[in-house]
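Chemist: next comes the sequence, and after it the predicted model I'd like to discuss.
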Amino acid sequence: MNRLREFTLQPWTYLAILIIGLAFKFYHIDYRYFWLDEVSTVEQTSGLNRDGIDHLVPLDEIVSIGRYHKLVCLNSFSLTIKEQLLGQVKTMNLNPLHYFILTFWHRVAGDSTLALRLFSILIYLCTLPFVFLLARKLFGFNMAAWVAVSLFAVMPYFHYYTQEARYISLCVFLFFANSYFFLRALDQKKVALWIPYIISGILALYASILLGLLFVGQLIFILTTRRKLFQNLLVSLAVIFLFYLPWLLFIINSFAEIEQSLTWHQDYNDNYNILVLGIFQLIGMSRSFASFEDVFQWFI
């Protein structure tokens, strides 16, 4: 028992788990099909709206499969950076930051499906230090941080989405980064430390508007435990909101378009009762520790 305890208290044990987890992120990265949501990433990054994409696809005509393959290669559109960015600004989406960064990434790393997925892995790697720092900040010692980062490295949920050319990895990175900067600003009580919190907060909202829920939790935390710092947080959130306001107004003006694009969610309400939806939620949460992909088939 003592040997087992000594084994679990060695940092190299968790370093080994971390390395194994990272190795699997690269294993079979191109094994899965480049599916619909990833194709949407290419579409959004191109800056072309739906009409601009559709005119590239001939109707009532048999063409080579290579013609369609070009539609998932950003360089085949022959667009400049300026054209892409202007197109993105004019096209509604809820995750503009991801496509903005990919505009530059595909010019450096290439526009293959593998290169686009490697971007998600790169962001995942950048997340690991913040997972370590956040855990050490919360629990106060390095061993807790090693355990946290090793668990994060082998969680099936994050493994699945890290191998996709989607915005999930970027959202996770900014979630941990902003949370760490938030706690650091609270503990050291220096006004300058709120600056990285503000910057990461602005980027978080542009990565996904749903990350605004993070600020709600932080506000509740301040009101219940650190009321003296409420003003600091309020000013920081005001600055974050001010920088996000232009895109928020765009979202409000495009609400009908957003609502239309999310109508497929209605299928779940029409076809499943509240009990089955609750089971779906529990299965989704369980993916943090084990993968139960086929279990969904029991209820569909």
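Modeler: Right, received. Where do you want to start?
Chemist: pretty sure V154 sits against L22.
Modeler: No. The pair V154 / L22 is not scored as a contact, 9.5 Å apart, by Cβ atoms under 8 Å. From N, CA and C alone the C-beta is placed, and that goes for glycine too.
Chemist: and for these two, which residues touch both?
Modeler: Residues touching both V154 and L22 by Cβ atoms under 8 Å, 6 or more residues apart in numbering: none at all.
Chemist: where does the stretch 51-200 of the chain have low pLDDT?
Modeler: Scanning the stretch 51-200 of the chain for pLDDT under 70 picks out the ranges 51-70.
Chemist: ok, which stretches of it are helices?
Modeler: Secondary structure of the stretch 51-200 of the chain (DSSP state H, counting those that start in this stretch): helices at 65-69, 81-90, 96-109, 113-139, 142-154, 156-162, 168-188, 194-207.
Chemist: ok, which of those helices comes nearest R227?
Modeler: Nearest of those to R227, taken as Cβ to Cβ: helix 168-188 at 11.8 Å.
Chemist: so what's the residue count around R136?
Modeler: Using other Cβ atoms under 10 Å, the number of residues around R136 comes to 18.
Chemist: who's in contact with it?
Modeler: The contact partners of R136, taken as Cβ under 8 Å, 6+ apart, are N142, A144, A145.
Chemist: try it again at 6 Å.
Modeler: A145 (Cβ atoms under 6 Å, 6 or more residues apart in numbering).
Chemist: so it versus I168, what's the distance?
Modeler: Distance of R136 to I168, given as Cβ to Cβ, to the nearest Å: 25 Å.
Chemist: and for E43?
Modeler: 17 Å.
Chemist: what does L36 give?
Modeler: Distance, L36 to I168, by Cβ to Cβ: 15 Å.
Chemist: one more: G87?
Modeler: Distance from G87 to I168, counting by Cβ to Cβ: 23 Å.
Chemist: any weak-confidence spans in the stretch 201-300 of the chain?
Modeler: Short version for the stretch 201-300 of the chain, where the test is pLDDT under 70: 264-271, 286-300.
Chemist: how about stretch 200-207: buried residues?
Modeler: S200, G201, I202, L203, A204, L205, Y206, A207 (16 or more other Cβ atoms under 10 Å).
Chemist: from these, pick the one nearest F250.
Modeler: If you rank the buried residues of stretch 200-207 by distance to F250 using Cβ to Cβ, Y206 comes first, at 11.5 Å.
Chemist: neighbours of W12, how many?
Modeler: Residues near W12, counting by other Cβ under 10 Å, number 9.
Chemist: contacting residues for it?
Modeler: W12 sits next to no residue when contact means Cβ under 6 Å, 6+ apart.
Chemist: any idea how far it is from Y161?
Modeler: W12 sits 28 Å away from Y161, taking Cβ to Cβ as the criterion.
Chemist: swap in V149?
Modeler: V149 sits 18 Å away from Y161, going by Cβ to Cβ.
Chemist: the two - which one has more neighbours?
Modeler: Neighbour count, other Cβ under 10 Å: between V149 and Y161, V149 has more, with 24 against 17.
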